[in-house]
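Q: Here is a sequence with its predicted model. Questions after.
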Amino acid sequence: MNIRSIHFIILGILSDSPKHGYQIHKSLMDPDGIGAVWKIKITNIYGLLDALEKNECIVPSKQIMDDTTYPPKKYFEITERGKKLFQRWRHEPVKHGREIRQVFLSKLYFASEEGGKERHQLIQDQINECKQWLNTTKQLPTENTVFIETVNSFRLMQIKCYIKWLEEMNNKNNEEK
């Protein structure tokens with residue numbers, strides 16, 4: 001089963017109540033929420049929902065909806081399997097720097113909805129992960145070409161910036177308590 005980050009975002013959106021495709025898209029496009037980091041066309045939502053349904057992460061909702069529109073909308077709800085996969089994904093730090101901008105921020109969005117403790121733990125876990133990246137990058141060979149030295153220098157600076165930013169987020173989180 002190949003579930004991508006966008007699938008987990010949809011599972012997170014469905015975690016509080018059943019929704020139909022347009023409602024999911026509306027949540028994904030909310031500029032004050034997850035839409036600040038994700039942009040997706042509504043036509044793509046139905047393919048993503050189909051994949052989640054085939055992987056038994058969502059099912060058509062058994063809950064009767066007061067839907068008087070025509071044609072009637074198909075509502076989806078998250079399954080126990082979907083909840084477990086989402087929670088596992090949500091609690092894990094990202095494994096690559098390129099995932100900070102979209103995937104980590106998405107996890108942080110859902111962690112923030114759960115509360116300050118969850119947010120703090122996710123940030124702390126990501127700091128620890130970034131420190132491992134930093135140690136690994138510092139151990140890369142330095143006697144290569146000028147270009148490789150430049151690339152490694154860039155990577156080190158980028159990881160240090162991630163750590164600094166995460167520590168600032170953690171300090172802000174602690175101040176809000």
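A: Received, thanks.
Q: Please parse this structure into its domains.
A: 5-91, 97-176 (automatic domain parsing).
Q: ok, the spatially closest residue to residue 155 that is not a sequence neighbour to residue 162 distance?
A: With sequence-adjacent residues excluded and distances taken as Cβ to Cβ, 6 or more residues apart in numbering, residue 155 is closest to residue 137, at 5.1 Å. C-beta here means a position set from N, CA and C on the backbone, and glycine is covered the same way. Going from residue 137 to residue 162 by Cβ to Cβ, to the nearest Å gives 12 Å.
Q: ranges for the helices of the chain?
A: Residue ranges of the helices in the chain, as given by DSSP state H, are 5-14, 21-28, 42-54, 80-91, 105-114, 116-138, 146-176.
Q: does residue 53 really touch residue 76, like I thought?
A: Yes. Counting by Cβ atoms under 8 Å, residue 53 touches residue 76, with 7.3 Å between them.
Q: Report the residue spans of this protein with pLDDT below the cut-off.
A: Regions of the chain meeting the criterion pLDDT under 70 cover residues 1, 63-70, 173, 175-177.
Q: cutoff 90 now
A: Within the chain, the stretches with pLDDT under 90 are 1-3, 61-74, 114-116, 137-152, 170-177.
Q: got any residues that touch both of residue 53 and residue 76?
A: Residues touching both residue 53 and residue 76 by Cβ atoms under 8 Å, 6 or more residues apart in numbering: 59-60.
Q: These two - which one has more neighbours?
A: residue 76 (24 against 15; other Cβ atoms under 10 Å).
Q: Tell me the spacing between residue 18 and residue 112.
A: Distance from residue 18 to residue 112, by Cβ to Cβ: 23 Å.
Q: do residue 35 as well
A: Residue 35 is 15 Å from residue 112, where distance means Cβ to Cβ.
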